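Q: Sequence first, predicted coordinates after that:
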Amino acid sequence: MEDESSRYEAVASRDARFDGEFFFAVVTTGIYCRPSCPAVTPKRENVRFFPSAAAAQGAGFRACRRCRPDAVPGSAGWNVRADLVGRAMRLIDDGVVDRDGVAGLAARLGYSPRQVQRQLTAELGAGPVALARARRAHTARILLQTTALPVTELAFAAGFASVRQFNATMREIYGSTPSDLRAAARGRTAGTGHGTPGGIPLRLAFRGPYAAREIFDDLAEAAVPGIEEVTGAAGARTYRRTLRLTYGTGIAEVGERPGRSGGRAGSGWLDCRLHLTDLRDLPAASQRLRRLFDLDADPYAVAARLSADPLLRPLVAARPGLRSPGAADPAEQAVRTVLGGGPERAAALVRAYGKPLDTPDGTLTHLFPAPAELAGADVAAGVRALCAALADGTVDIGAGADRDAAERALAALPGVGPAAAAVIRRRALGDPDVGPPDAGPEAERRRPWRSYALQHLRHAGRTAAAADPAEHRPETHRPEEHRSGKHRPADHPEASEPKDTGDHAALHAA
């Protein structure tokens, strides 16, 4: 949606499909909003459009208290794009600027700080510092409204360098002091104190329809005991997992039943609760869950493209809002892919090499082992090679990694190969355009959403297998395989499974 007339039409119709794709501001009120804001539509001559919340803030506009534009889903464009701006946005969302500064961001991208500043400003109307500042302000608002953390500690937890900077930023962006923001939330949410024993409640926003059942089915099927679990009855399940984060550890809980806003048709959220040992990890933990549940996707664009394919049209209609799950930890996903053998083999790896939690929480007892801990471990050669490459930086699969370069490097590792590299690209790198290796020319018509086409074919195959028990074999439920009825390639990470002969024996046989 490039022209302003179309954008104004979206604002006038309160079209939630474009929340996060652009923002609009009203010059007579000094407020900026999401397109679906339920307030009275302003006159066209009083409206200005911005490509990012940071750009609107930089122009002197405050966030609307009614529609909370800082809480919209991210733009699906950053997942599609593999250029400098797309990679930079994924890194900024992951907190790189807060941790390493603009110089650290530029170094990861392989460009100079000046080039990064120029490119981001040209496309988003704001540079990396302003974009990171908007992200910090959103984190601070969440902490103010969901915890009783003292303001001084909260400011540093959100990433601000000083309390003075924190106070000034909150007044500028929200038009309120931190104390006023907290008071306004009192009665709607209860503060949970310094240790946040009840966790931090979040609403993980998404746009359009969301096929929660299918993604929870996938997660339940692949859950690794010790680090993951799915509990409850279908339709009301809870996914829980441990997280290894920059400053500490965490346990995340996400509910299956989506919340919906009556004032914004087409928008919704998943309820989440984060238990963190260090609140500075809140933004990164939230972004990891967003990637795992594919919450920044644009289901309208996906459906429009895939419905043009006669094979996929009925599948898309049957499962509106089907997502392509990502990964909460890219390195973990890569190791699990190369290891193969399903959840039990990964669980054996966790028992043998995972770090125990200081305080286990039910069945959640460990962190998945880090690559450095596996590089010299007694595991399959492919896993050791992968972990050594991840540990020394030879292979980068982080938030802003170059996907093409990462896939080439992965495919060249002994014991990995191109099939596993493609799975890692789709899951760990969050690429929405990875198709099955044996696809024909019709796959080109599915670009840039081939990962979603793969998901539709997978779930259609699962349904067919369930209807015909003779076809209901374990391999038809592999979360990483296209249900085409063909055998896996020889180099597929799950081409064979050893018998369960004990933790170390099973790991070494992978």
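A: Happy to help now that I have it.
Q: Does Asp329 touch Thr242 like I think?
A: No - using Cβ atoms under 8 Å, Asp329 makes no contact with Thr242, being 9.5 Å away. To be clear about C-beta, it is placed using only N, CA and C from the backbone, and glycine gets the same treatment.
Q: Looking only at neighbour counts, state which of the two leads.
A: Legend: neighbour count by other Cβ atoms under 10 Å for Asp329 and Thr242, higher for Thr242 (26 against 22).
Q: Quick one: residues contacting that one.
A: Counting by Cβ atoms under 8 Å, 6 or more residues apart in numbering, Thr242 touches Ile227, Glu228, Thr249, Gly250, Ile251, Leu357, Leu364, His366, Leu367, Phe368.
Q: Also Ser286?
A: By Cβ under 8 Å, 6+ apart, the contact set of Ser286 is Leu202, Leu204, Cys272, Leu274.
Q: Looking at the residues you listed, which is nearest Arg34?
A: Set against Arg34, the nearest of these by Cβ to Cβ is Leu204 (15.9 Å).
Q: low-scoring stretches of the protein, by residue?
A: Counting by pLDDT under 70, the ranges of the chain that qualify are 1-2, 77-82, 186-197, 261-266, 437-439, 462-510.
Q: same thing but at 50, please
A: Scanning the chain for pLDDT under 50 picks out 189-196, 263-265, 466-510.
Q: Check whether Leu349 sits in a helix, strand or coil.
A: Local secondary structure at Leu349 is given as helix here, using DSSP: H, G, I helix; E, B strand; the rest coil.
Q: Is Arg108 in contact with Val96, as I believe?
A: Yes - assessed by Cβ under 8 Å, Arg108 is found in contact with Val96 at 6.5 Å.
Q: Now for these two: what residues contact both?
A: Common neighbours of Arg108 and Val96 (Cβ under 8 Å, 6+ apart) are Gly400.
Q: Relative to Val379, how far out is Ala348?
A: Separation of Ala348 from Val379 (Cβ to Cβ, to the nearest Å): 10 Å.
Q: need the helices for the stretch 101-250 of the chain, in chain order.
A: 113-124, 128-146, 151-157, 163-174, 178-185, 212-222 (DSSP state H, counting those that start in this stretch).
Q: So which of these is the most surrounded?
A: Among the helices of the stretch 101-250 of the chain, helix 128-146 has the highest mean neighbour count (mean count of other Cβ atoms under 10 Å), at a mean of 23.
Q: Give me the angle between that helix and helix 163-174.
A: 90 degrees (axes from the mean of the first three to the mean of the last three Cα atoms, to 10 degrees).
Q: Keeping just the C-alphas, turn helix 128-146 into CSV.
A: This file holds the C-alpha atoms of helix 128-146, laid out as CSV (Å, rounded to 0.1, in the frame of the first residue of the first chain):
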residue,chain,number,x,y,z
PRO,A,128,18.6,2.6,14.6
VAL,A,129,18.8,4.6,17.8
ALA,A,130,15.2,6.0,17.4
LEU,A,131,13.9,2.5,16.5
ALA,A,132,15.5,1.0,19.6
ARG,A,133,14.2,3.8,21.7
ALA,A,134,10.6,3.1,20.6
ARG,A,135,11.2,-0.5,21.5
ARG,A,136,12.5,0.4,25.0
ALA,A,137,9.5,2.7,25.6
HIS,A,138,7.1,-0.1,24.8
THR,A,139,8.9,-2.5,27.1
ALA,A,140,8.8,0.1,29.9
ARG,A,141,5.1,0.6,29.4
ILE,A,142,4.5,-3.1,29.8
LEU,A,143,6.6,-3.3,33.0
LEU,A,144,4.8,-0.2,34.4
GLN,A,145,1.4,-1.7,33.9
THR,A,146,2.1,-5.3,34.8
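Q: before we move on, the earlier item: and Arg108 and Val96? Which one has more around it.
A: Val96 (25 against 20).
Q: quick one: contacts for the more buried one?
A: Val96 touches Gly104, Leu105, Arg108, Ala399, Gly400, counting by Cβ under 8 Å, 6+ apart.
Q: same question, Ala132
A: Listed by Cβ under 8 Å, 6+ apart, the contact partners of Ala132 are Ile92, Val97, Asp98, Gly159.
Q: got it, and Ala158?
A: Arg136, Ala137, Thr139, Ala140, Leu143, Phe166, Arg280, Leu282.
Q: Could you rerun that using 10 Å?
A: By Cβ atoms under 10 Å, 6 or more residues apart in numbering, Ala158 lies in contact with 98, 135-144, 149, 166, 169-170, 279-280, 282-283.
Q: Next one: it relative to Gln165, how far apart?
A: Ala158 sits 10 Å away from Gln165, going by Cβ to Cβ.
Q: Residues that sit against both of the two, list them.
A: Arg136.
Q: hmm, back to that, can you redo the helices of the stretch 101-250 of the chain as a markdown table with distance to Thr29?
A: Below are the helices of the stretch 101-250 of the chain laid out as a markdown table (distance: least, Cβ to Cβ, whole Å):
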| stretch | distance to Thr29 |
| --- | --- |
| helix 113-124 | 23 |
| helix 128-146 | 19 |
| helix 151-157 | 28 |
| helix 163-174 | 14 |
| helix 178-185 | 18 |
| helix 212-222 | 36 |
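Q: To Val11, which of those lies closest?
A: Val11 lies closest, by Cβ to Cβ, to one member of the helices of the stretch 101-250 of the chain: helix 113-124, at 19.4 Å.
Q: what's that closest one packed up against?
A: With contacts taken as 3 or more Cβ pairs under 10 Å, 6 or more residues apart in numbering; DSSP states H and E, helix 113-124 sits against helix 53-58, helix 84-93, helix 96-109, helix 128-146.
Q: ok now that helix, how far from the chain's centre?
A: Centroid displacement of helix 113-124 relative to its chain, using Cα atoms, centre = their mean, to the nearest Å, is 24 Å.
Q: cool, stretch 292-308 as well?
A: 14 Å.
Q: Show me which residues of that stretch are buried.
A: Neighbour-count burial for stretch 292-308, counted by 16 or more other Cβ atoms under 10 Å, picks out 292-303, 305-306.
Q: same thing with stretch 314-329?
A: Leu315, Val316, Arg319, Gly321, Leu322, Arg323, Ser324, Pro325, Gly326, Ala327, Ala328, Asp329.
Q: just checking, the fourth one touches Glu214?
A: What that stands for is Gly321. Yes - with contact defined as Cβ atoms under 10 Å, Gly321 reaches Glu214; the gap is 9.0 Å.
Q: just to revisit the earlier point, please tabulate the contacts of Thr242 in a markdown table, including the columns neighbour count and distance to Glu21.
A: Formatted as a markdown table, these follow (neighbours: other Cβ atoms under 10 Å; distance: Cβ to Cβ, whole Å):
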| residue | neighbour count | distance to Glu21 |
| --- | --- | --- |
| Ile227 | 28 | 35 |
| Glu228 | 23 | 32 |
| Thr249 | 19 | 34 |
| Gly250 | 24 | 30 |
| Ile251 | 22 | 32 |
| Leu357 | 17 | 39 |
| Leu364 | 21 | 36 |
| His366 | 20 | 39 |
| Leu367 | 22 | 36 |
| Phe368 | 27 | 34 |
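Q: Looking at the residues you listed, which are in strands?
A: Glu228, Thr249, Gly250, Ile251, Leu357, Leu364, His366, Leu367 (DSSP state E).
Q: Restricting to C-alpha, output stretch 106-122 in CSV.
A: Taking C-alpha atoms only, stretch 106-122 is exported to CSV below (Å, rounded to 0.1, in the frame of the first residue of the first chain):
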residue,chain,number,x,y,z
ALA,A,106,26.5,-2.4,11.7
ALA,A,107,29.3,-4.9,12.4
ARG,A,108,26.8,-7.8,12.3
LEU,A,109,25.3,-6.5,9.1
GLY,A,110,28.7,-6.0,7.5
TYR,A,111,28.1,-2.3,6.7
SER,A,112,29.3,1.0,8.2
PRO,A,113,27.2,2.7,10.8
ARG,A,114,26.6,5.6,8.4
GLN,A,115,25.3,3.2,5.7
VAL,A,116,22.9,1.6,8.2
GLN,A,117,21.7,4.9,9.5
ARG,A,118,21.1,6.2,5.9
GLN,A,119,19.2,3.1,4.7
LEU,A,120,16.9,2.9,7.8
THR,A,121,16.1,6.6,7.8
ALA,A,122,15.3,6.5,4.0
